[in-house]
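1. okay, predicted coordinates and the sequence, questions at the end:
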Amino acid sequence: MLDVRDELTPMMAQYTDLCEAHDDALVLFQVGDFYEAFCAAAETVARVCEVTLTKREDSTGRYPMAGVPIDNAASYVERLLDAGYRVALADQVQPAEEASGLVDRAVTQLVTPGTLVDDAYLEGSTANYVAALVRERSAGERATYGLALVDVSTGECLVTSGDRSTVFEELERRSPAELLTAPELDGTLDGDDVVTDAMRTSYDVSAFEFDAARARAAAYTHPDAVLANDAEVRATGAVLAYAEYTQGGDHLDYVSHVTRFDASESMRLDATALASLELFDSRSRSGHTLMETLDETACALGRRRLEAWLRRPTVDRDEAESRLDAVEALSREGVVRETLHANLKEVYDLERLVGRVSRGRANARDLRSLATTLAVVPDVREALSSLDHDAARLDGLTDRLDDCGDVRSLVESAIVPDPPQEVTEGGVVREEFDEELDDIRATEREGREWVSQLEARERERTGIDSLEVGYTQVHGYYIEVTNPNLDRVPEDYTRRQTLKNSERFYTPELKRREDEIISASERADSLEYELFCEVRSSVAAEGERLQALADVLAELDVLVAFASIAVDRDYVRPTFGANAIRIEDGRHPVVERTTEFIPNGIDFSRGDVALITGPNMSGKSTYMRQVALVCLMAQAGCFVPAASARLRVVDRVFTRVGASDDIAGGQSTFMREMAELTDILHAATAESLVLLDEVGRGTATTDGLAIAQATTEFIHDEVGASTLFATHYHELTDLEADHEGVFTLHFTADRDEEGVTFLHRVAEGPSSSSYGVEVARLAGVPARVVERADDLVDAAEREAARRTAADESAESDRDSGDEHAATGREGAPTRDTPAVADTGRPSRPGVTNGAPNPAEKTLSEPHERGGGRAKSAPLPDADSARGARDDQNHVVREVLAEIRGLDVARTTPMDALALLHELQRRLDDANQET
């Protein structure tokens with residue numbers, strides 16, 4: 001169309017102009033009841049929205065065309081957003097009857113993922129942010145990053161700054177839907193650094209210039225009083241400029257203040273921790289999240305506040321205690337709590353209602369919803385006032401409950417109880433609200449009553465019983481007479497329309513009344529719309545009061561929900577001030593809702609590092625997560641699932657749980673593991689909580705064990721963080737003897753002839769086995785593989801026991817000859833003394849550090865398992881078989897050496913089976929020779 005621009009029809013030229021002005025978006029152009037797109041945009045709309053691609057033809061050519069109905073546009077726009085497009089809605093901004101030619105159109109809204117305002121696109125429980133990120137460098141100093149976020153639907157505006165890791169972690173935690181980046185960041189960000197789900201948007205670089213940004217920010221706040229540095233000024237100004245641009249270019253009155261926050265004011269949770277703890281997203285399709293589990297809120301305001309508290313638990317002990325005081329008071333008063341919950345269920349999404357009112361997009365139903373919400377406030381205040389409590393926070397909430405009675409009175413007196421959806425077609429404003437409107441309506445009403453009586457009068461006057469009076473939008477009022485009765489039509493009838501079987505007429509009086517009715521109706525509709533806009537503007541002027549009320553209702557909703565959960569699920573109030581985390585009979589809040597759960601506790605007063613051993617599938621990961629969730633819930637202000645919880649404030653939760661890789665980024669599973677471990681060891685403090693699961697298992701046994709031990713020692717000696725370290729390296733448990741702050745726990749299991757039963761119960765001390773073969777059997781690994789693995793493990797353990805006994809005998813001989821020569825220095829082993837069992841495997845039942853465990857049956861003893869097959873055959877006479885046995889032991893040692901040298905992380909299942917088959921053959925051959 002650009003090639004023939006001067007020849008285009010006025011409408012197509014108008015469309016072309018709008019496309020050029022918004023060249024980063026798909027323009028949907030209102031034509032009657034449809035939004036239309038043309039040319040390449042039409043092809044995109046047709047493909048993504050699955051609508052028919054047609055053609056528009058005029059004197060300048062044929063152009064592809066596709067359209068979607070305006071009254072169902074939201075669903076199609078959402079598809080375009082999901083496909084990664086921005087959408088510019090170009091509406092008719094002039095009534096067709098007022099246009100002398102082409103109707104004026106303008107882009108009234110630029111719809112992007114981060115600037116959604118319509119409920120049809122938004123999730124009620126989640127804030128929808130657009131963010132701006134900038135970087136400032138000063139000579140000789142590290143770069144400072146600034147981050148500003150706006151929820152255009154509610155008017156919330158947040159800003160912070162810090163170093164790269166701090167700000168990017170906050171970016172991940174807030175998870176904006178759209179991200180603007182300053183020009184100095186072009187080409188410097190990759191998928192690991194920023195939220196990958198956020199749409200990246202290029203915006204006018206001038207908006208990031210300091211002077212322009214400061215002027216924009218000054219329209220909303222006092223930059224010098226609120227914003228800490230140039231980075232925050234630039235980010236705030238840019239994001240507000242973009243928000244204005246997407247909403248038609250006007251100042252956003254409902255963004256009443258800008259809130260600066262510091263990441264250190266809340267428990268820091270990076271993207272890994274958010275995912276590992278499953279706070280908002282479950283890693284399994286049928287799984288539940290902590291947010292879902294705790295969401296007993298009554299309204300959308302409360303759901304968003306709950307998410308905010310869980311995403312950023314406070315590290316201010318007084319703030320946490322204040323919330324807990326309120327929850328405790330509400331938990332004691334069941335009737336009041338239920339009354340409050342019932343009242344809060346009547347509360348609409350006041351924050352987003354205020355946003356729509358301020359943007360001039362609210363309809364009459366929105367105003368009535370706002371009035372309904374305000375009507376609840378006196379009942380809420382009365383219920384709170386009846387509480388017998390000493391919770392200062394509840395008193396503060398009661399004092400802040402402004403029912404905005406003047407706003408409610410205005411809306412209720414102006415708007416009918418059940419208004420229509422459209423505000424331009426009348427029926428919106430109540431009678432007696434405006435005297436002029438009442439007079440116009442009276443004229444209209446009298447005219448319609450006269451018309452309604454006309455039919456009876458004319459039948460009596462003319463004697464035509466079939467005569468009818470009607471109305472059409474095209475022809476107006478008419479008197480209809482059938483053809484057989486046309487000879488009785490009076491002379492004052494004037495023909496208006498001829499039909500097949502009848503004629504339609506009007507009289508001078510009917511025409512006069514028609515003009516009066518139509519004129520009065522049009523005047524009434526126009527005046528009603530003016531009055532409605534005046535009411536809406538008056539409500540918008542009270543936006544700040546309404547937002548303050550929304551803040552109170554949101555917080556109260558969460559506190560009531562926390563209290564209900566505490567009572568219904570037997571949660572207890574946590575206490576702060578302890579020197580160490582001590583949880584008695586803790587439970588996982590999510591898991592216990594879906595299955596029978598065994599409570600387990602933790603006592604970090606014994607030390608900073610808990611080494612946890614035990615079988616796979618016994619619940620180690622769940623146990624570690626539950627400890628973190630108890631701490632997180634407590635600092636959010638919620639009671640916790642435990643018999644008791646004495647806690648200290650945790651500044652950050654780190655998780656290194658589970659295995660994953662980054663193929664696109666060129667990182668193996670082990671590399672990702674080490675990268676996550678690096679972040680933890682650099683950033684953790686003595687006030688942190690660290691969860692480590694199987695560190696070092698992604699590489700060779702010797703290297704992995706060394707990394708795991710060094711990590712444990714570093715956390716113990718240098719960091720001091722409360723750490724839960726689940727491991728299959730049983731050799732690590734020896735650290736308990738030499739490190740005062742290390743203690744061991746294990747998950748118990750029962751083993752009998754039927755197999756292994758996991759008890760999911762934590763006990764002190766190390767586990768005697770990881771039961772790996774038994775888990776393989778439970779998983780359905782072929783019986784031959786499992787049985788062969790049993791044989792190999794038994795042989796390895798016998799060899800390990802033999803070598804241990806031999807080493808102890810040799811050590812005893814050396815000690816009797818020269819103690820100092822054996823030790824090198826008093827009390828210290830030489831470099832030749834093995835630090836760990838060199839089998840590279842955890843001990844099996846019956847063997848703990850090379851010695852039999854009298855509490856468990858040993859695998860080296862003859863016993864039956866799996867159908868009664870004997871696991872150990874009788875040995876031949878020693879004199880007749882000594883030489884053959886030596887040969888057999890040599891083969892066994894070779895097999896063990898090969899197993900120890902195997903890189904498990906790089907061995908495929910097929911390779912493992914092939915290797916097992918080969919080892920089995922060699923051992924069988926050696927056995928036959930003996």
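-> Structure's in. What do you need? Residues are numbered from 1 along each chain as shown.

2. mind listing what residue 372 touches?
-> Contacts here follow C-beta atoms under 8 Å, 6 or more residues apart in numbering; on that basis residue 372 touches 346, 348. (C-beta placed from N, C-alpha, C; glycine too.)

3. for the chain, longest helix please?
-> helix 783-817 (DSSP state H).

4. past the helix or strand hosting residue 275, which element shows up next along the chain?
-> Taking DSSP states H and E as the criterion, the element that holds residue 275 is helix 271-276. Later in the chain than helix 271-276, the nearest helix or strand by DSSP H and E is helix 290-294.

5. quick check: next helix or strand after that next one?
-> Heading C-terminal from helix 290-294 (DSSP H and E), you reach helix 300-311.

6. mind listing what's buried in that following helix?
-> The neighbour-count check on helix 300-311 (16 or more other C-beta atoms under 10 Å) flags 300, 301, 302, 303, 304, 305, 306, 307, 308, 309, 310, 311 as buried.

7. and the longest helix of the chain, average pLDDT?
-> The predicted model gives helix 783-817 an average pLDDT of 74.

8. elements contacting it?
-> helix 772-779, helix 819-823, strand 847-848, helix 878-900, helix 909-929 (3 or more C-beta pairs under 8 Å, 6 or more residues apart in numbering; DSSP states H and E).

9. check the offset of it from the chain's centre.
-> The chain centre lies 52 Å from the centre of helix 783-817; the measure is C-alpha atoms, centre = their mean, to the nearest Å.

10. what residues of the helix or strand where residue 564 lies count as buried?
-> Taking DSSP H and E as the definition, residue 564 sits inside helix 543-568. Judged by neighbour count (16+ other C-beta under 10 Å), helix 543-568 contains these buried residues: 543, 546-547, 549-566.

11. same deal with stretch 264-279?
-> 266-279.

12. what's the closest of these to residue 14?
-> residue 271 (45.6 Å; C-beta to C-beta).

13. contacting residues for that closest one?
-> Contacts of residue 271 by C-beta under 8 Å, 6+ apart are 169, 172, 173.

14. show the pLDDT at the residue lying farthest from the centre of the chain.
-> Relative to the centre of the chain, the most outlying C-alpha is that of residue 487, 77.9 Å out, by C-alpha atoms, centre = their mean. Each residue has a pLDDT score; the one for residue 487 is 91.

15. so it, which state does it fall into?
-> helix (DSSP: H, G, I helix; E, B strand; the rest coil).

16. so how far is residue 495 from it?
-> Distance, residue 487 to residue 495, using C-beta to C-beta, to the nearest Å: 14 Å.

17. that older thread, quick one: the residue farthest from the centre of the chain and residue 481, what's the gap?
-> 10 Å.

18. my guess is residue 604 contacts residue 631. True?
-> No. Counting by C-beta atoms under 8 Å, residue 604 does not reach residue 631; the two are 10.9 Å apart.

19. name the residues contacting each of the two.
-> With C-beta under 8 Å, 6+ apart as the test, residue 604 and residue 631 both reach residue 581.

20. buried sites along stretch 141-159?
-> For stretch 141-159, by 16+ other C-beta under 10 Å, it's 144-159.

21. please identify which pair of these lies farthest apart.
-> 144 and 153 (29.5 Å).

22. need the three-state assignment for residue 478.
-> Residue 478 ends up strand, using three-state DSSP.

23. how close does residue 131 get to residue 84?
-> 17 Å.
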